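**Q** Show me the folded form of this:
(one chain, ligands or ions: 2)
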Amino acid sequence: MSQGFDYDLAIIGAGVGGHGAALHAVSCGLKTAIIEAADMGGTCVNRGCIPSKALLAASGRVRELRDAHHLKTLGIQVAGVKFERQAIADHANNLVAKIQGDLTNSLKRLGVDIIRGWGKIAGTQKVSIVTDSGEKTITAKDIILSPGSVPFVPPGIEVDGKTVFTSDQGVKLESLPDWVAIIGSGYIGLEFSDVYSALGCEITMIEALDQLMPGFDRDIAKLAERVLITPRDIDTYVGIYAKRVIPGSPVVIELADFKTKEDVDVLEVDACLVATGRIPATQNLGLESVGVELDRRNFIPVNDTMAVLSGGEPVPHLWAIGDATGKMMLAHAASAQGIVAVENICGRHKEVDYLSIPAAAFTHPEVSYVGMTEAQAKEKATAGSFEIGVAKSYFKGNSKALAEGESDGMAKVIYRKDTGEVLGVHIFGIHASDLIHEASAAIANRQSVHTLAHLVHAHPTLSEVLDEAYKRAAAI
Ligand SMILES: Cc1cc2nc3c(=O)[nH]c(=O)nc-3n(C[C@H](O)[C@H](O)[C@H](O)COP(=O)(O)OP(=O)(O)OC[C@H]3O[C@@H](n4cnc5c(N)ncnc54)[C@H](O)[C@@H]3O)c2cc1C
Ligand SMILES: NC(=O)c1ccc[n+]([C@@H]2O[C@H](COP(=O)([O-])OP(=O)(O)OC[C@H]3O[C@@H](n4cnc5c(N)ncnc54)[C@H](O)[C@@H]3O)[C@@H](O)[C@H]2O)c1
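**A** Numbers count the residues shown, from 1 in each chain. Ligands and ions are numbered 1, 2, ... in the order given. This is a model prediction of the structure:
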């Protein structure tokens with residue numbers, strides 16, 4: 001252990017980022033403390049990935065069992081599918097409690113000291129913690145900040161937590177409104193529209209930018225819209241923003257044109273989910289005591305080793321990871337950053353390779369991607385004077401997808417024409433969230449479509465969709 005310090009490592013925030021860092025720190029022999037002011041497990045476990053995926057699992061089954069046409073093509077009839085809202089909500093709540101308990105126990109078992117309270121940097125290698133029994137100060141050779149993020153609520157929108165709410169309340173599924181407006185068509189908007197539409201709610205989706213799912217690759221977003229939005233009970237406003245939202249019964253939503261700011265419509269709905277992005281929880285962290293300023297959007301500035309920067313230079317012994325760094329607001333990105341920070345703390349230089357970190361939206365069917373969109377790749381190609389190629393393959397040509405009767409979908413591979421290097425892969429279709437990992441490994445190893453096209457995939461599997469796309473790219 002580092003001499004003269006209480007700990008080798010103190011971590012502020014016990015979300016998935018902090019947890020991943022703590023586990024790796026223990027495996028590297030570091031004496032570690034983790035400080036948590038609220039719920040162990042942070043956003044992902046309590047208000048994010050876990051409850052939302054439990055709701056998606058249950059509502060997905062309801063959708064599947066009520067799809068008489070699809071079941072009939074498989075020779076199956078199911079009559080009178082029923083569900084209980086509260087029982088579905090209980091499934092999510094129980095899973096949260098289990099995973100929160102497992103996460104806390106894993107830290108205790110490994111000898112990580114869990115300190116409950118608000119942690120703040122109190123100078124170099126020093127953390128003060130406001131606990132229920134007063135303030136205490138600990139010293140640590142290294143400090144990792146992992147304070148996470150909270151929902152962003154645009155000005156003009158009033159949240160009462162009952163009729164107008166964010167995902168923090170939405171994951172509790174306390175009601176199933178007849179008509180719900182969803183503001184934002186990003187990850188949260190999409191996943192909740194999947195849950196609500198499966199459970200029989202009418203939806204109006206409002207997106208400020210001029211296309212739905214603006215963060216996704218264009219071809220994938222267009223196909224996803226055709227399958228996830230158009231045939232369902234979902235109306236959309238695009239290029240329109242929610243200028244004012246007043247909670248109550250009904251909820252009143254004033255809509256305006258995003259570009260001209262002119263009023264366009266007023267909606268009266270039963271409920272409204274605000275899914276307009278997340279902002280870093282970086283206030284009152286004591287960063288000023290070590291001369292660190294937040295960036296323009298209040299993220300903690302870091303380099304790819306996860307060192308915190310001050311004036312562009314790394315601050316010794318201070319690291320930050322997770323949503324608060326604004327790099328990729330994903331659970332697995334947060335823990336990957338945590339592992340990289342600990343590696344550097346241990347003197348082994350390591351950087352995060354964001355290009356190979358996959359992402360998925362767990363809709364039915366799913367959306368996933370890794371690396372660049374076609375638009376991003378084109379920009380890079382222009383700057384780097386090379387050309388890109390695009391190859392697509394379709395689930396409707398895949399035997400396994402046809403056997404499942406779920407052949408809506410596409411895989412798209414974007415690659416450099418000169419070297420064949422894969423730059424990005426995007427998948428829409430069943431099990432897209434699992435299929436993406438093969439592509440993620442390929443990008444991590446900077447592999448070429450010419451090599452990948454010769455890998456053998458088992459038949460009949462959904463993985464052959466990617467196999468086919470690689471073969472088309474390599475023209476074999
Ligand atoms: C509805 C929803 C669904 C999501 N689904 C997915 C998904 O399917 N897959 C995926 O990869 N990602 C998903 N995400 C994103 C994922 O939850 C986040 O990327 C992840 O939780 C970030 O982890 P973190 O450790 O950076 O922060 P957090 O999980 O936010 O944890 C930070 C913790 O730090 C604590 N804290 C903050 N400041 C202090 C302080 N000063 N002192 C002590 N404690 C402090 C907070 O209380 C909190 O517990 C989802 C998010 C939402 C909202
Ligand atoms: N499956 C997953 O991995 C998963 C699931 C949920 C959330 N998350 C994480 O949580 C983060 C937050 O999710 P999110 O969906 O809130 O954010 P997002 O950034 O994905 O999408 C927000 C959308 O809201 C739109 N918007 C913003 N202000 C608006 C307004 N006033 N009116 C209308 N539209 C408006 C934006 O243009 C954007 O399309 C994501 O960035 C993601 O990293 C991940």
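**Q** got a list of what the closest residue to ligand 2 within the stretch 51-200 of the chain touches?
**A** When scored by Cβ to the nearest ligand atom, the stretch 51-200 of the chain has residue 186 as its residue closest to ligand 2, at 1.9 Å. For the C-beta atoms, the positions are set from N, CA and C on the backbone; glycine is no exception. Listed by Cβ atoms under 8 Å, 6 or more residues apart in numbering, the contact partners of residue 186 are 213-215, 275, 277.
**Q** Highest neighbour count among the residues you listed?
**A** residue 275 (25 neighbours; other Cβ atoms under 10 Å).
**Q** tell me the contacts of that residue?
**A** Per Cβ under 8 Å, 6+ apart, neighbours of residue 275: 166-167, 182-184, 186, 188-189, 192.
**Q** tell me, what residue is most central in the chain?
**A** What sits nearest the mean C-alpha location of the chain, by Cα atoms, centre = their mean, is residue 330, with 3.9 Å.
**Q** any idea how far that residue is from residue 359?
**A** 6 Å (Cβ to Cβ, to the nearest Å).
**Q** what's the answer for residue 447, then?
**A** 20 Å.
**Q** Check residue 270 too.
**A** For residue 270, the distance to residue 359 - Cβ to Cβ - is 31 Å.
**Q** now residue 72
**A** Applying Cβ to Cβ, the value for residue 72 to residue 359 is 35 Å.
**Q** what does residue 448 give?
**A** On the measure of Cβ to Cβ, residue 448 and residue 359 end up 23 Å apart.
**Q** so residue 241 sits in a strand?
**A** Yes: assessed with DSSP: H, G, I helix; E, B strand; the rest coil, residue 241 lies in a strand.
**Q** Which other helices and strands does the longest helix anywhere in the chain contact?
**A** The residue-count maximum for a helix in the chain (DSSP state H) belongs to helix 85-109. Helix 85-109 is packed against helix 16-27, helix 42-47, helix 49-66, strand 113-116, with contacts defined by 3 or more Cβ pairs under 8 Å, 6 or more residues apart in numbering; DSSP states H and E.
**Q** buried residues in that helix?
**A** Using 16 or more other Cβ atoms under 10 Å as the test for burial, helix 85-109 gives 88-89, 91-93, 95-96, 99-100, 103-104, 107.
**Q** do the same with stretch 112-123
**A** Buried-residue list, stretch 112-123, by 16+ other Cβ under 10 Å: 112-113, 115, 117-122.
**Q** ditto for stretch 433-443
**A** Going by neighbour count (16+ other Cβ under 10 Å), the buried part of stretch 433-443 is 433, 435-436, 438-440, 442-443.
**Q** which one of these sits closest to residue 27?
**A** Of all the buried residues of stretch 433-443, residue 440 has the smallest distance to residue 27: 23.1 Å, by Cβ to Cβ.
**Q** after the one helix or strand the closest one maps to, next one along is what?
**A** If you go by DSSP states H and E, residue 440 is part of helix 432-444. Sequence-wise, the next helix or strand downstream of helix 432-444 (DSSP H and E) is helix 449-452.
**Q** helices or strands up against that next one?
**A** Under the contact criterion of 3+ Cβ pairs under 8 Å, 6+ apart, helix 449-452 touches helix 464-474.
**Q** Around ligand 2, pick out the residues from the stretch 251-400 of the chain.
**A** 275-278, 329-330, 359-362 (Cβ under 6 Å from any ligand atom).
**Q** Look through the stretch 101-250 of the chain and state the residue closest to ligand 1.
**A** Counting by Cβ to the nearest ligand atom, the stretch 101-250 of the chain gets nearest ligand 1 through residue 148, at 2.1 Å.
**Q** give me the number of residues near that residue?
**A** Look at residue 148: counted by other Cβ under 10 Å, it has 26 neighbours.
**Q** List the contacts of stretch 384-397.
**A** Taking Cβ under 8 Å, 6+ apart as the rule, stretch 384-397 contacts 219, 374, 377-378, 381, 401-402, 406-418, 423, 429-430, 449, 462, 465-466, 468-470, 472-473.
**Q** Can you give me the first-to-last residue distance of it?
**A** Start and end residues of stretch 384-397 are separated by 35 Å (Cα to Cα, to the nearest Å).
**Q** Show me what counts as buried in it.
**A** 388-391, 393-395.
**Q** which one of these sits closest to ligand 2?
**A** Looking across the buried residues of stretch 384-397 and measuring by Cβ to the nearest ligand atom, the closest to ligand 2 is residue 395, at 20.3 Å.
**Q** How about the contacts made by the spatially closest residue to the closest one that is not a sequence neighbour?
**A** Leaving aside its sequence neighbours, residue 395 sits nearest to residue 409 (Cβ to Cβ, 6 or more residues apart in numbering; 3.3 Å). Counting by Cβ under 8 Å, 6+ apart, residue 409 touches 223, 365, 394-396, 401, 427-430, 432, 465.
**Q** Contacts for the longest helix of the chain next, please.
**A** Taking Cβ under 8 Å, 6+ apart as the rule, helix 85-109 contacts 14, 19, 22-23, 34, 39-41, 45-46, 50-52, 54-55, 57-59, 114, 171-176, 199.
**Q** returning to that earlier point: distance of the residue nearest to the centre of the chain relative to residue 397?
**A** Taken as Cβ to Cβ, the span from residue 330 to residue 397 is 31 Å.
**Q** Residue 420 and residue 454 touch, don't they?
**A** No: between residue 420 and residue 454 there is no contact under Cβ atoms under 8 Å: 11.7 Å.
**Q** what about stretch 287-302, start to end distance?
**A** End-to-end distance for stretch 287-302: 13 Å, by Cα to Cα.
**Q** What is the neighbour count of residue 374?
**A** 18.
**Q** Ignore what I typed, I meant residue 365.
**A** The burial count for residue 365: 23, using other Cβ under 10 Å.
**Q** Tell me how far the residue nearest to it when sequence neighbours are not counted lies from ligand 2.
**A** The shortest distance from residue 365 to any residue other than its chain neighbours is 4.7 Å, reached at residue 430 (Cβ to Cβ, 6+ apart). Residue 430 sits 16 Å away from ligand 2, going by Cβ to the nearest ligand atom, to the nearest Å.
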